[in-house]
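K.L.:
just to be clear, the model below is a prediction. Sequence and coordinates:
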2 protein chains.
Amino acid sequence: MRNKVRTGGEQVSELTAGRLSVYLRCLNTLDAAGVKTVSSRTLAEQFHLNAAQIRKDLAYFGEFGVRGVGYYVRELKRHLRLILGLDRTVRVAIVGAGNLGLALADYPGFRQEGFEIAALFDAEQEKVGRKSRGGVRIVDMSEFRKLVKRDSIDIVVLAVPASASQDVANAAVAAGIRAILNFSPGTLKVPPGVKLKNVDLTVSLESLSFFLARGESGDDEEA
Amino acid sequence: MRNKVRTGGEQVSELTAGRLSVYLRCLNTLDAAGVKTVSSRTLAEQFHLNAAQIRKDLAYFGEFGVRGVGYYVRELKRHLRLILGLDRTVRVAIVGAGNLGLALADYPGFRQEGFEIAALFDAEQEKVGRKSRGGVRIVDMSEFRKLVKRDSIDIVVLAVPASASQDVANAAVAAGIRAILNFSPGTLKVPPGVKLKNVDLTVSLESLSFFLARGESGDDEEA
């Protein structure tokens, strides 16, 4: 553990982590607009969140709110970044320099939050040596293990076809990686001690389809 | 409302919709492996879900389980597809034919679940007339309103730079669109009656950073 954040001996759920991340996004918006303090109620109303849930999530990590004031936006941002492990640069390598890998390499939100996309890897020789529009170099997959160690990569992102994803996951694990973000369809196996997060973009589209089918509406923030 | 699914007078939360979508993804995997029946417990163990939550989510929509058997995989799939509004083709238009838009146009999961990517729109003339690798044609943005109506588009996906996203959202609303999936950073405004879902890919990366910082592990499925 790098940070001294309260853990209380319990596992904090994936959902909590996702919500803290959403709160940080909202605080960034408020900070950019020059807002100095915010109450959980205002935060909830403005961003379609749940005020009681915000207070509960934040109280778990310490006393951040001030009675009659709410939260100091910048201070809470700093705390959330610490809790989320963003108080230092998190180094990311993306495997697969297709459209998705290129889009992720240049995704504006990553850089803004302190993630550094160190390299894009691909096995196709004609892609090697090129760069993404944002300037991330495409490196031969044969260099993967060496560069993951040399550049102290923290997280590997898989943006390869489903047929290649398990092999690449295995290579990442063999190179000492402990966190994998997988955009490929299908189920991957990783050993205990390695954190795998699967992103299935179909889920977002289906929740819209669900609401269209039910005739409901109202906007929301992704959790 | 197109489907006669039980609503019970309550709003079913976004999170429930997301979980139903994850269950459908798991059932697809089981069905592809030839599995005929599954209990909530087995489903939970195999895909790192919560058995009580599965039973609660499904019970809300009707009686799908059979005592001593569990759920019939294909029957439950059919029910979930009905609840999620996937019993008919859902027509999708993507705006922005950059790397992200091209990646989304060819995303394998969409087609598999009955989404049809009808067109990719872009304002750059040099892209118009080309096709994505998967064969989705790129159409001039000036045709947007006409084609959205003619092709009965249900959902518009925004994969444009942040500076353009509000204008495109407005154009979608003006064309009669009631569901928007937004991949652009920043906050969009849509009128009541229009469902907006924001996807922020930073959230997935931050939850891995969070776990690395806390020294926890264990894989999970995206909800």
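P.N.:
Nice, thanks for sending it over.
K.L.:
next structured bit after the helix or strand bottoming out on mean pLDDT in chain A?
P.N.:
When each helix and strand of chain A is scored by mean pLDDT, DSSP states H and E, helix A:108-112 comes last, with a mean of 83. Per DSSP states H and E, the first helix or strand lying C-terminal to helix A:108-112 is strand A:115-122.
K.L.:
please enumerate the strands of chain A.
P.N.:
Per DSSP state E, chain A carries strands over the ranges A:37-38, A:71-72, A:90-95, A:115-122, A:138-140, A:155-158, A:179-182, A:195-198.
K.L.:
against which helices or strands is the second one packed?
P.N.:
The reference is to strand A:71-72. Packing partners of strand A:71-72 (3 or more Cβ pairs under 8 Å, 6 or more residues apart in numbering or on different chains; DSSP states H and E): strand A:37-38. Any C-beta I mention is one placed from the backbone N, CA and C, and that applies to glycine too.
K.L.:
the strand it packs on vs chain B: in contact?
P.N.:
No: Strand A:37-38 stays clear of chain B (Cβ under 8 Å from any Cβ of the partner chain), getting no nearer than 14.8 Å.
K.L.:
list the strands paired with that strand, with their directions.
P.N.:
strand A:71-72 (antiparallel) (DSSP bridges).
K.L.:
what sits up against the partner strand?
P.N.:
The contact list for strand A:71-72 (Cβ atoms under 8 Å, 6 or more residues apart in numbering or on different chains) reads A:36-40, A:43, A:58, A:64-66.
K.L.:
who's in contact with A:F183?
P.N.:
Contacts of A:F183 by Cβ under 8 Å, 6+ apart are A:100, A:104, A:157-159, A:199, A:201.
K.L.:
top of those residues by neighbour count?
P.N.:
A:V157 (30 neighbours; other Cβ atoms under 10 Å in any protein chain shown).
K.L.:
who's that residue bridged to?
P.N.:
Beta bridges link A:V157 to A:I94, A:L181, judged by DSSP bridges.
K.L.:
about what we covered before: TSV for the contacts of A:F183, including pLDDT?
P.N.:
Below are the contacts of A:F183 laid out as TSV (pLDDT from 0 to 100):
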residue	pLDDT
A:L100	94
A:L104	95
A:V157	97
A:L158	97
A:A159	95
A:V199	88
A:L201	88
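K.L.:
which residue packs closest to A:R25, ignoring adjacent ones?
P.N.:
B:D200 (6.2 Å; Cβ to Cβ, 6 or more residues apart in numbering or on different chains).
K.L.:
neighbours of the one you found, just the number please.
P.N.:
Neighbours of B:D200 (other Cβ under 10 Å): 21.
K.L.:
distance of it relative to A:K197?
P.N.:
Computed as Cβ to Cβ, to the nearest Å, the B:D200 to A:K197 distance reads 14 Å.
K.L.:
looking at the contacts of strand A:71-72, which two lie furthest apart in space?
P.N.:
Greatest spatial distance among these (Cβ to Cβ): A:K36 and A:L58, at 17.5 Å.
K.L.:
neighbour count: the two, which is higher?
P.N.:
A:L58 (21 against 13).
K.L.:
I figured the more buried one hits A:F64, correct?
P.N.:
Yes: A:L58 is in contact with A:F64 according to Cβ atoms under 8 Å; the separation is 5.2 Å.
K.L.:
now do the helices in chain A.
P.N.:
Secondary structure of chain A (DSSP state H): helices located at A:14-32, A:40-47, A:51-59, A:73-83, A:99-105, A:108-112, A:144-150, A:162-174, A:202-214.
K.L.:
pick out the shakiest of those, pLDDT-wise.
P.N.:
Lowest mean pLDDT within these: helix A:108-112, at a mean of 83.
K.L.:
picking that back up, out of the contacts of strand A:71-72, flag the one nearest to chain B.
P.N.:
A:L43 (13.2 Å; Cβ to the nearest Cβ).
K.L.:
any idea how far B:T29 is from that closest one?
P.N.:
38 Å.
K.L.:
for those two, indicate the residue with more neighbours.
P.N.:
Applying other Cβ under 10 Å to A:L43 and B:T29 shows that A:L43 carries more neighbours, namely 22 against 15.
K.L.:
surely the more buried one and A:A52 touch.
P.N.:
No: look at A:L43 against A:A52 with Cβ under 8 Å: they stay out of range, at 11.8 Å.
K.L.:
residues contacting A:N28?
P.N.:
Applying Cβ under 8 Å, 6+ apart to A:N28 gives the contacts A:77, A:112.
K.L.:
can you rerun that using 7 Å?
P.N.:
A:K77 (Cβ atoms under 7 Å, 6 or more residues apart in numbering or on different chains).
K.L.:
so how far is B:L201 from it?
P.N.:
Per Cβ to Cβ, A:N28 is found 15 Å from B:L201.
K.L.:
and if you look at A:P108?
P.N.:
10 Å.
K.L.:
repeat that for A:L80.
P.N.:
18 Å.
K.L.:
A:V95 now?
P.N.:
A:V95 is 16 Å from B:L201, by Cβ to Cβ.
K.L.:
ditto for A:N182
P.N.:
Counting by Cβ to Cβ - A:N182 and B:L201 are separated by 13 Å.
K.L.:
what's the answer for A:N170, then?
P.N.:
For A:N170, the distance to B:L201 (Cβ to Cβ) stands at 24 Å.
K.L.:
how about stretch A:33-51: buried residues?
P.N.:
Buried residues in stretch A:33-51, counting neighbours by 16 or more other Cβ atoms under 10 Å in any protein chain shown, are found at A:37-40, A:43-44, A:47, A:49.
K.L.:
re the thing from before, what comes up buried for the least confident helix or strand of chain A?
P.N.:
So for helix A:108-112, counting by 16+ other Cβ under 10 Å, buried means A:109-110.
K.L.:
so which elements touch that helix?
P.N.:
Contacts defined by 3 or more Cβ pairs under 7 Å, 6 or more residues apart in numbering or on different chains; DSSP states H and E place helix A:108-112 against helix B:202-214.
K.L.:
returning to what we had before: nearest to B:A174 among the strands of chain A would be which one?
P.N.:
strand A:37-38 (32.9 Å).
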